[in-house]
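Participant: One predicted model, sequence on top.
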Amino acid sequence: MNPVFRFQPGELPLLISVPHDGRDLPDEMRARMTDVGRSIPDTDWHVAELYEFAADIGANVLAGNYSRYVVDLNRPADDAVLYPGQVATGLCPLQTFAGEAIYSFGGIEASEKTRRIETYWRPYHAHIRDTLDLLRKKHGYVLLWDAHSIPSVVPRLFDGELPELNLGSDDGKSCEQSIEQAVVAEVVESRYSTAINGRFKGGYITRHYGDPGNGIHALQLEIAQRAYMNEQTLSFDATKAGALRDTLRKILNILLLAGQNTTGHQQ
């Protein structure tokens, strides 16, 4: 079995989580999947590559290696609904975002779901918790940035075309207000269309770990894929990505500065 995740440690009080760029599928699961399922269309394509600069600036970067079809690392282990009233994609999905079947036979029994949680989900989350605890102990606070992307248009999940940058803080509960406001100002001033706590308010990672009262400030950024890639060919667009990386660098620098300046969190 391939490693569940890869981790690049850094010196900054910043952990970037990339839970949905993984593409590995266990052989026994692949054998039961449809052609559409094996093509893993709902991958957050190239997000880890987009954020490659983050390790160079000293951030800690954690990225999952397995497809979200194995287990969705940004859903709670009990599969509780995050967005009531909207289509739920699930902890161990049976359908793609477009509603197509992922499995040609077999489905997922409860015992298999439990194995997937223990094998793939828990190690990733244990590493998040351990890293957050270590960084908070070292710096007095920690910033968690959950990095995602999604096709610009997914009719089954949302109406119309998504803004390019979708920032979520669980409606202000996962991050101290002063930090969020600083980041929001930078996001809104960027060249990209934006939404704050719109269709994407932050998934399980943001909501579960964000604890501003105890010095853990979490934000999720969902990027519409047209901002950095060709959505038809699923290929990385170096020109688009270069421009977006410049913006992401500015946003993360503002995040770090706001974290340093937050009352009681001076290094």
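Facilitator: Great, that's in hand.
Participant: any idea how far stretch 156-165 is from the chain center?
Facilitator: Centroid separation for stretch 156-165 versus its chain: 17 Å, with Cα atoms, centre = their mean, to the nearest Å.
Participant: okay, that stretch in PDB with CA atoms only?
Facilitator: Output of stretch 156-165 as PDB, limited to C-alpha atoms (Å, rounded to 0.1, in the frame of the first residue of the first chain):
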ATOM      1  CA  ARG A 156     -26.000  19.100  -9.400                       C
ATOM      2  CA  LEU A 157     -24.300  20.900  -6.600                       C
ATOM      3  CA  PHE A 158     -24.700  24.600  -7.300                       C
ATOM      4  CA  ASP A 159     -26.400  27.000  -9.700                       C
ATOM      5  CA  GLY A 160     -24.400  28.900 -12.300                       C
ATOM      6  CA  GLU A 161     -20.700  29.400 -12.300                       C
ATOM      7  CA  LEU A 162     -18.700  29.600  -9.100                       C
ATOM      8  CA  PRO A 163     -16.600  32.700  -8.300                       C
ATOM      9  CA  GLU A 164     -12.900  31.900  -8.700                       C
ATOM     10  CA  LEU A 165     -11.900  32.300  -5.000                       C
END
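Participant: For S67, see how far away T119 is.
Facilitator: Relative to S67, T119 is positioned 13 Å away (Cβ to Cβ, to the nearest Å). (C-beta placed from N, C-alpha, C; glycine too.)
Participant: Between those two, which is the more surrounded one?
Facilitator: Shown here are T119 and S67; by other Cβ atoms under 10 Å, S67 has more neighbours (25 against 15).
Participant: With adjacent residues omitted, what lies nearest to the more buried one?
Facilitator: I40 (4.8 Å; Cβ to Cβ, 6 or more residues apart in numbering).
Participant: Next up, the contacts around that neighbour.
Facilitator: R23, L25, S67, R68, Y69 (Cβ atoms under 8 Å, 6 or more residues apart in numbering).
Participant: again, but for Y192
Facilitator: Counting by Cβ under 8 Å, 6+ apart, Y192 has contacts P163, E164, L165, A227, L244, T247.
Participant: The fifth one - nearest residue in space that isn't next to it in sequence?
Facilitator: Meaning L244. Of all residues not flanking L244 in the chain, Y228 sits nearest, at 4.7 Å (Cβ to Cβ, 6+ apart).
Participant: Confirm for me that the one you found is in contact with T239.
Facilitator: No - with contact defined as Cβ atoms under 8 Å, Y228 does not count as touching T239 (9.4 Å).
Participant: Looking at these two, which one has more neighbours?
Facilitator: Y228 (25 against 8).
Participant: so where's the stretch 1-150 of the chain shaky on pLDDT?
Facilitator: 85, 87-88 (pLDDT under 70).
Participant: Just the strands from it, written as ranges.
Facilitator: 5-8, 14-18, 60-64, 142-150 (DSSP state E, counting those that start in this stretch).
Participant: rewinding a little: distance of the residue nearest to S67 relative to D21?
Facilitator: According to Cβ to Cβ, I40 and D21 sit 11 Å apart.
Participant: same check, this time on Y83
Facilitator: Taken as Cβ to Cβ, the span from Y83 to D21 is 22 Å.
Participant: Looking at those two, which is more packed in?
Facilitator: The residue with more neighbours, out of Y83 and D21, is D21; 22 against 13, by other Cβ under 10 Å.
Participant: tell me the contacts of that one?
Facilitator: D21 neighbours (Cβ under 8 Å, 6+ apart): T43, D44, W45, H46, V47, A48, A63, G64.
Participant: how much space between G22 and D159?
Facilitator: Distance of G22 to D159, computed by Cβ to Cβ: 28 Å.
Participant: Please say which of the two ends up with more neighbours.
Facilitator: Using other Cβ under 10 Å as the criterion, G22 and D159 rank with G22 on top: 27 against 9.
Participant: looking at it, the more buried one is touching L62, isn't it?
Facilitator: No - G22 lies out of contact with L62 (Cβ under 8 Å); the separation is 11.3 Å.
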